[in-house]
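*Asks:* The amino acid sequence is not available; the structure is as follows:
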């Protein structure tokens with residue numbers, strides 16, 4: 001995991017060398033293990049030399065133990081917050097984190113059905129040759145800041161871990177949603193058996209006109 005984190009850190013440093021003030025949203029895709037993704041994020045934080053890093057999570061608070069004790073340097077921002085006030089301020093907290101640390105973590109490939117309990121915005125894309133919808137949150141948050149999205153996914157084959165890093169996406173660009181959808185499609189084709197949502201009948205293909 002340290003090797004993969006070092007690759008991500010190197011990419012972030014390359015991007016910052018060209019545009020030092022431009023925020024970066026790091027997006028692990030939902031593959032292999034959320035625990036492994038969090039381990040990568042922690043090693044990225046250390047590699048960047050920042051005291052803490054914010055991570056938007058759809059996993060309810062303290063499901064796997066005491067979050068604050070287990071991952072003290074990762075500031076978890078929960079989409080399933082207990083109060084409407086916390087949910088409504090989620091975007092503001094992400095923006096503050098991006099301005100403070102220059103980087104935050106958000107799982108941009110999250111299928112909209114997982115957040116169906118709460119009001120949300122989606123955007124129309126083509127995925128696997130069909131109309132589909134992806135969650136619009138990353139674009140709503142990142143576009144006004146002219147942020148980049150840097151996505152990656154983990155794989156495991158022949159007894160070895162692997163990782164693919166996608167090219168950065170400028171979230172303010174018109175084609176940003178489709179570029180994210182293309183990356184999601186590539187990851188599904190390359191690594192479907194390890195996709196955490198594999199086998200779900202809906203995923204991204206629902207109510208494409210709504």
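*Replies:* Everything's here; your move. Bear in mind the structure is a predicted one, so any value in this text is a computation, not a measurement.

*Asks:* so what's the backbone phi/psi at the most centrally placed residue in the chain?
*Replies:* When CA atoms, centre = their mean is applied to the chain, the residue found nearest the centroid is residue 107 (2.2 Å). Dihedral angles of residue 107 (phi, psi; degrees, to the nearest 10) stand at phi -80, psi 90.

*Asks:* Can you check the pLDDT for it?
*Replies:* Looking at residue 107, its pLDDT is 93.

*Asks:* what residue ranges in the chain are flagged as low confidence?
*Replies:* For the chain, the stretches flagged by pLDDT under 70 are 58-71, 80-88, 113-120, 201, 206-210.

*Asks:* any chance you could map the strands in it?
*Replies:* Taking DSSP state E, the strands of the chain run over residues 24-28, 53-57, 74-78, 103-106, 122-127, 130-135, 148-157, 160-165, 169-170.

*Asks:* Can you tell me how far the residue nearest to the centre of the chain is from residue 20?
*Replies:* 26 Å (CB to CB, to the nearest Å). To be clear about C-beta, it is placed using only N, CA and C from the backbone, and glycine gets the same treatment.

*Asks:* Need the winner for burial among the strands of the chain.
*Replies:* The highest mean neighbour count among the strands of the chain, using mean count of other CB atoms under 10 Å, belongs to strand 103-106: a mean of 26.

*Asks:* ok, that one: who's next to it in the sheet?
*Replies:* strand 24-28 (parallel), strand 53-57 (parallel) (DSSP bridges).

*Asks:* Now render those strands as CSV, adding distance to residue 176.
*Replies:* Shown next, in CSV, are the strands paired with strand 103-106 (distance: least, CB to CB, whole Å):
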stretch, distance to residue 176
strand 24-28, 11
strand 53-57, 18
